[in-house]
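# mind looking at a prediction? Sequence and model below.
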Amino acid sequence: MENKILNQRQLDELVKLQKERMTTVDPATKRREQAKIFGQQVVKLKLATLPQVNECLRLQAQDPAGKTLGEVMVARGYLKPEDVRVIFRMGSGCYGVNGADTVSYDAAILSQAVGKPVRVWLSRQDEMAWENYGPAFVIDQRVALDASGTIVAWDYESWTLSLGGRPGYNAPGNVVTGYLAGFAPQGVMPRSPAPAPMNFDNGSNTAPSYVTGTVGTRSGGCGVVKSERAVTRTSESPFFTGPLRSPARLQNTFAHECFMDEIAASLKADPVEYRLRHLRDPRLRDVVTALQKIDDGSFGSCERCGEGIAEKRLEALPFARYCIDCQRVVEQEERTATG
Ligand SMILES: [Zn+2]
């Protein structure tokens, strides 16, 4: 690799050093490194002198209890707890395995090369052009219908691809910076034959909401279709991919819901009614009903008294069927009915 920032020798050294660190970092080393940074700050801010810090670093090294440098300095009377203020800044949130991971690695490598802190800031354009995208999927589905058009069996098969997992502490090859620095991505771990399920797991919506998800005697799914088969295949990708905040769920749900529309259309059935026919989970049923209400203009009205549901309630519970007063009455009625 040729670049103006690091030559091959520096890069090799860096990779060697990083590999050593990854296998040797223990809590004591970590504490020492944190102490070094803390000590530098204390001297810089003139809270204590360099000889005082060095004395405490020596004491800390002998201390089997594993005190922090700050605790040792307080114990020696060199520092008052009220002199130390930790300011934690919350970073912006985002889904994983995107430009946010890469810039951190870039900054680390660049700062090693130039010997000072480096800030790496991707433009929106850079990020949109080069960050990871969601993995492509091919999803093939079939259903069996009974005489009334109700689904009685659901068959799912998908093919997708991946290059590695999340970068984390010990897998730098899972981001492009680490990959270019000579670390290998984790790759795909084959799981064939797949282990037998112990409990229902919808596998990032691999299982549609319309199945019972029965394993043994327990059913964990949200629907009524009892017979289901799901086969997923993952092969190694030439590209890094990202989970888009919702790993595989966008792709699977898109496939399931498009398929439901196709089935309903082929039967000339109402797509909302057809979905409700296959759902038993009350919350999901309410979500589908709320979508129908948005469509017919009745969204936001209480089903019992017809008054508007408070905006705050709808913000928290967009699929709420009743205003708060009617909700209380309905719940009371349900309690009375069930004894
Ligand atoms: Zn009401």
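Noted; the coordinates are in hand. Numbering: from 1, shown residues only.

# only C-alpha atoms from now on, for both contacts and neighbour counts.
OK.

# so is the spatially most central residue of the chain in a helix, a strand, or just coil?
What sits nearest the mean C-alpha location of the chain, by Cα atoms, centre = their mean, is Arg245, with 5.4 Å. Recorded secondary structure, Arg245: coil (DSSP: H, G, I helix; E, B strand; the rest coil).

# Gln41 and Glu236, how far apart?
46 Å (Cα to Cα, to the nearest Å).

# actually Arg124, not the one I typed
In this view, Arg124 and Glu236 are 29 Å apart by Cα to Cα.

# please say which of those two ends up with more neighbours.
Neighbour count, other Cα atoms under 10 Å: between Arg124 and Glu236, Glu236 has more, with 15 against 9.

# now that one. Its backbone dihedrals?
Backbone dihedrals for Glu236, given as degrees, to the nearest 10, come out at phi -70, psi 130.

# contacts for stretch 321-328 next, please.
Stretch 321-328 is contacted from outside by 286, 301-305, 307-310, 313, using Cα atoms under 8 Å, 6 or more residues apart in numbering.

# now list the buried members of these.
Among these, those classed as buried by 16 or more other Cα atoms under 10 Å are 286, 301-303, 309.

# now, those that are in helices?
Of the positions in those, Asp286 sit in helices, assigned by DSSP state H.

# could the buried ones among the contacts of stretch 321-328 go into a markdown table alongside pLDDT and distance to Glu20?
Below are the buried ones among the contacts of stretch 321-328 laid out as a markdown table (pLDDT from 0 to 100; distance: Cα to Cα, whole Å):
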| residue | pLDDT | distance to Glu20 |
| --- | --- | --- |
| Asp286 | 94 | 55 |
| Ser301 | 95 | 64 |
| Cys302 | 95 | 64 |
| Glu303 | 94 | 65 |
| Ile309 | 95 | 61 |
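
# if we can go back for a sec, want to throw the contacts of stretch 321-328 into CSV with distance to Lys30?
Supplementary listing: the contacts of stretch 321-328 in CSV, determined by distance: Cα to Cα, whole Å:
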residue, distance to Lys30
Asp286, 51
Ser301, 58
Cys302, 58
Glu303, 60
Arg304, 62
Cys305, 63
Glu307, 61
Gly308, 58
Ile309, 55
Ala310, 52
Arg313, 48
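
# can you put the residues you listed in TSV and add distance to the ion?
Output for the contacts of stretch 321-328, formatted as TSV (distance: Cα to the ion, whole Å):
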residue	distance to the ion
Asp286	16
Ser301	8
Cys302	5
Glu303	7
Arg304	5
Cys305	4
Glu307	6
Gly308	8
Ile309	7
Ala310	10
Arg313	12
